[in-house]
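J.: Okay, predicted coordinates and the sequence, questions at the end:
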Amino acid sequence: MDRQEIIKMAFDSIVEADQEMAMDAMDKAAGIGLDSVELLNEGFSAGINELGEQFGRGELFLPELIFATEVMKVVTTRVEAEMVASGKQIEQKGKIIMATVEGDVHDIGKGICCSLLKTSGFEVFDLGREVKADTIIEKAIEYGVDIIGTSALLTTTMVVQQELEEKLKERGLRDRFKTMVGGAPITQRWADKIGADAYTEDASECCARAKKFIDDKM
């Protein structure tokens, strides 16, 4: 199989939530010298983004999306393990904290973002779900991060993102961090309203914006 066929196999393995196919794609990629991170970005991540769009349009049920993300987790774990085993170094991009805000237990999208950020060279601190604004700020300071990323999947929890922005200003820390917001009900208009630095629609955009923030900082 050539490069494009293997990338297509990786894409299809996520869309079909087929773990065996995903592992086969990675084996075949290794066989032709195709970089696993490249396969992750162009194949597997493209597949999960496609499913995310389908879910947003109401064309996909949540259980189907969950099955696919479980395959994605296995893939990213293998990619990370292969990099450690080979001693391969990814250029360090920066540090980022990711959290699902207080009152919200949804973390599928955030988990995908974290995986892609890690394989793109970021040091990622995943605080999990239902995280208070004060805790996010405290950990951001403790870890010395460059970027704070938050996810809110409910309209009732969006306000925690606004609370975070306000508390950063109150503590004189707003210029210290770049902030990114995402989640199903989140829009660019919301990001502008609360003063966030960026709104990202999916994992690929999250990674691209994070890279740009670091590049601009250098």
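T.: Cool, the structure landed.

J.: in the chain, which ranges drop under the pLDDT threshold?
T.: Along the chain, the parts satisfying pLDDT under 70 run over 56, 88-92, 119, 218.

J.: which residues touch the helix ranked longest in the chain?
T.: For the chain, the helix with the greatest residue count under DSSP state H is helix 62-86. Helix 62-86 has contacts (CB atoms under 8 Å, 6 or more residues apart in numbering) with 13-15, 17-19, 22-23, 26, 36-37, 40, 44, 47-48, 51-52, 55, 88, 90, 108, 111-112, 115-116, 118-119. To be clear about C-beta, it is placed using only N, CA and C from the backbone, and glycine gets the same treatment.

J.: Buried ones among those?
T.: Among the contacts of helix 62-86, those classed as buried by 16 or more other CB atoms under 10 Å are 13-15, 17-19, 22, 26, 36-37, 40, 44, 47-48, 51-52, 55, 108, 111-112, 115-116, 118-119.

J.: Okay, and which of those map to helices?
T.: Checked against DSSP H, these include these in helices: 13-15, 19, 22, 26, 36-37, 47-48, 51-52, 55, 108, 111-112, 115-116, 118-119.

J.: hang on, the earlier thing: sheet partners, orientation included, of the helix or strand following the longest helix of the chain?
T.: Next along the chain after helix 62-86, taking DSSP states H and E as the criterion, comes strand 94-100. Paired strands of strand 94-100, with direction, are strand 122-126 (parallel), strand 147-151 (parallel) (DSSP bridges).

J.: Check the offset of strand 94-100 from the chain's centre.
T.: 9 Å (CA atoms, centre = their mean, to the nearest Å).

J.: Give me the distance between the residue most central in space within the chain and E166.
T.: In the chain, the residue lying closest to the centroid (CA atoms, centre = their mean) is C113, at 0.6 Å. Distance, C113 to E166, by CB to CB, to the nearest Å: 24 Å.

J.: Also I66?
T.: Using CB to CB, I66 is found at 34 Å from E166.

J.: Can you lay out the strands paired with strand 94-100 as JSON lines showing mean neighbour count and distance to A198?
T.: Conversion of the strands paired with strand 94-100 to JSON lines gives the following (neighbours: other CB atoms under 10 Å; distance: least, CB to CB, whole Å):
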{"stretch": "strand 122-126", "mean neighbour count": "19", "distance to A198": "15"}
{"stretch": "strand 147-151", "mean neighbour count": "28", "distance to A198": "9"}
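
J.: Let's have these in JSON lines, adding distance to L60.
T.: Below are the strands paired with strand 94-100 laid out as JSON lines (distance: least, CB to CB, whole Å):
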{"stretch": "strand 122-126", "distance to L60": "25"}
{"stretch": "strand 147-151", "distance to L60": "19"}
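
J.: Which among those strands is found nearest to I141?
T.: strand 147-151 (10.4 Å; CB to CB).

J.: which outside residues touch the next helix or strand after the closest one?
T.: Using DSSP H and E, the helix or strand that follows strand 147-151 in sequence is helix 158-170. With contact meaning CB under 8 Å, 6+ apart, helix 158-170 is reached by 101-104, 132-134, 136-137, 148, 150, 152, 174, 176-177, 179, 181, 183, 185-186, 190, 193-196.
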